[in-house]
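*Asks:* heads up, no residue letters with this:
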C-alpha cells in the first residue's frame, strides 16, 4: 500500500515535521493523517490529530518509500502500527480504502 500511494502521488511524508520543517529530534514521532506527514513532539499540540509511531515503524515507512528492504524485517507490532497509519492516511486522502488493500504488501 505504501508503494501504491507513492506511485499515485499520495505518499506519506516521513522525513521532517510538516509544521516546523525540522527532522523529529526525539524518539517520539506522531503521524497526522490529515496533514499527511510526521509531526514532531514540539509541534504536536498544533496538529489536527494523529497517531503515535514508534521509531522502527517510521524507519520501515522510510525504507519502503526508498525502495529498500529491511533485514531483519519489522516486528509484527510495527507492521500493525504502520497498517493502522496507512489505512487512516488512505481514508483521509482518498475518501475510502483501497480495494486492492487486502492483496497489496506494505
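*Replies:* Okay, I see it. Worth saying up front: this structure is predicted, and the values here are computed from it rather than measured. Residues are numbered from 1 along each chain as shown.
*Asks:* going forward, measure contacts between C-alpha atoms and count neighbours the same way
*Replies:* Fine.
*Asks:* List the residue ranges of this protein that fall below the pLDDT cut-off.
*Replies:* In the predicted model of the chain, residues 25-27, 70, 96-106 satisfy pLDDT under 70.
*Asks:* Going along the chain, name the helices of this protein.
*Replies:* Taking DSSP state H as the criterion, the chain contains helices spanning 2-7, 55-65, 76-94.
*Asks:* The shortest one packs against which elements?
*Replies:* Read that as helix 2-7. On a contact count with 3 or more Cα pairs under 8 Å, 6 or more residues apart in numbering; DSSP states H and E, helix 2-7 meets helix 55-65.
*Asks:* residues in contact with the helix it packs on?
*Replies:* Helix 55-65 has contacts (Cα atoms under 8 Å, 6 or more residues apart in numbering) with 2-3, 6, 11, 14-15, 27-29, 69-70, 74, 78-79, 81-82, 106.
*Asks:* Contact partners for the residue lying closest to residue 17 once chain neighbours are set aside?
*Replies:* Distance criterion Cα to Cα, 6 or more residues apart in numbering; nearest residue to residue 17, sequence neighbours excluded, is residue 39 at 4.5 Å. With contacts defined as Cα under 8 Å, 6+ apart, residue 39 is in contact with 16-19, 24, 29-32, 47.
*Asks:* Please repeat the previous calculation with a cut-off of 7 Å.
*Replies:* Residue 39 is in contact with 17-19, 29-32, counting by Cα atoms under 7 Å, 6 or more residues apart in numbering.
*Asks:* Quick check: strands, which of those are part of them?
*Replies:* Using DSSP state E, 29-32 are the members of the contacts of residue 39 that sit in strands.
*Asks:* Adding neighbour count and distance to residue 91, write those residues out as a markdown table.
*Replies:* A markdown table is the format used below for these (neighbours: other Cα atoms under 10 Å; distance: Cα to Cα, whole Å):
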| residue | neighbour count | distance to residue 91 |
| --- | --- | --- |
| 29 | 23 | 21 |
| 30 | 24 | 17 |
| 31 | 27 | 14 |
| 32 | 23 | 12 |
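*Asks:* Can I get those in JSON lines including distance to residue 51?
*Replies:* Below are the ones in strands among the contacts of residue 39 laid out as JSON lines (distance: Cα to Cα, whole Å):
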{"residue": "29", "distance to residue 51": "8"}
{"residue": "30", "distance to residue 51": "5"}
{"residue": "31", "distance to residue 51": "5"}
{"residue": "32", "distance to residue 51": "6"}
